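Engineer: My questions concern the predicted model and sequence given below.
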Amino acid sequence: MNIVLQTAEILIVEKASGWLTTPARTTDDPRPVLGRELQAHLGMQIYPVHRLDFEVSGLTLWAKTPLAHTRAQLWFEHGVVGKLYEGLSRPGVGEPPLDWQEWKSRLVRGKRRSFAASHGKDAVTRARVIAQEDGYWRWQLVPVTGRPHQLRVEMAAHGCPLIGDTLYGGESARPDWIALRAVELSFSRVPEAERFGLPEVVATSSLSL
């Protein structure tokens, strides 16, 4: 558990892959839970503002008070928090998209997977390749909307499933891990007076294999 930043009302904590952000729906799930460990470490009630999939690593945002929780959730609902991810895939067909691409779809969340369908909710993703290294493409990914599994679905739909993401056609890698990491949260569009002392940008280390 790595607390990246802490103010009087807000925590930004790095989640490792192979950890749940919050408890699963079934009480007998044995997987480790970041929220529980964080509460025990701090000795206080905390509130998750946004979550990462079990296999995904990177920055998560937590509130220490109900007021901060309510306001921070509105930031995400209104799309004013910028989220930047890094991902790794095998090379796709043709030249890598070095300029920003905008991908649009309509996504539905099923029991295990999300999928595109005409009755789904609008999903918008920005993506580009920033490096070609050791037989991989390194991507920057921005989920403009926040649909479940959005980045994972879009990468697979565009012929570049994430390494380790066998649910969406990616090649197998180490257990409980996929090559997707939340590396940056941007609060520049949140008015400074309403930001609970957060800086404009909080970043963590890049994705590694």
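Structural biologist: That came through fine.
Engineer: Quick one: the strands in this protein, in order.
Structural biologist: Using DSSP state E, the strands found in the chain span residues 2-6, 10-15, 47-48, 57-63, 82-89, 101-109, 114-116, 121-133, 136-143, 180-186, 201-203.
Engineer: Give me the angle between the longest one and strand 136-143.
Structural biologist: For strand 121-133 and strand 136-143, the angle between their directions (axes from the mean of the first three to the mean of the last three Cα atoms, to 10 degrees) works out to 150 degrees.
Engineer: just to revisit the earlier point, mind putting the strands of the chain into a markdown table with mean pLDDT?
Structural biologist: Output for those, formatted as a markdown table (pLDDT from 0 to 100):
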| stretch | mean pLDDT |
| --- | --- |
| strand 2-6 | 96 |
| strand 10-15 | 97 |
| strand 47-48 | 97 |
| strand 57-63 | 98 |
| strand 82-89 | 98 |
| strand 101-109 | 97 |
| strand 114-116 | 95 |
| strand 121-133 | 97 |
| strand 136-143 | 98 |
| strand 180-186 | 98 |
| strand 201-203 | 98 |
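Engineer: looking at those strands, which is buried most?
Structural biologist: Greatest average neighbour count among the strands of the chain goes to strand 57-63 (a mean of 24), per mean count of other Cβ atoms under 10 Å. Every residue, glycine included, has its C-beta placed from N, CA and C.
Engineer: Direction included, what does that one pair up with?
Structural biologist: strand 10-15 (antiparallel), strand 47-48 (antiparallel), strand 180-186 (parallel) (DSSP bridges).
Engineer: got a list of contacts for it?
Structural biologist: 4, 9-17, 21, 34-35, 38, 46-52, 69, 72, 81, 85, 177, 180-185, 202, 204, 207 (Cβ atoms under 8 Å, 6 or more residues apart in numbering).
Engineer: between it and strand 2-6, how many degrees?
Structural biologist: On the basis of the same axes, to 10 degrees, strand 57-63 is oriented at 40 degrees to strand 2-6.
Engineer: and the nearest residue to Arg31 once chain neighbours are set aside, how many neighbours?
Structural biologist: Spatial nearest neighbour of Arg31, excluding adjacent residues (Cβ to Cβ, 6 or more residues apart in numbering): Leu20 at 5.3 Å. Leu20 has 18 neighbours, counted by other Cβ atoms under 10 Å.
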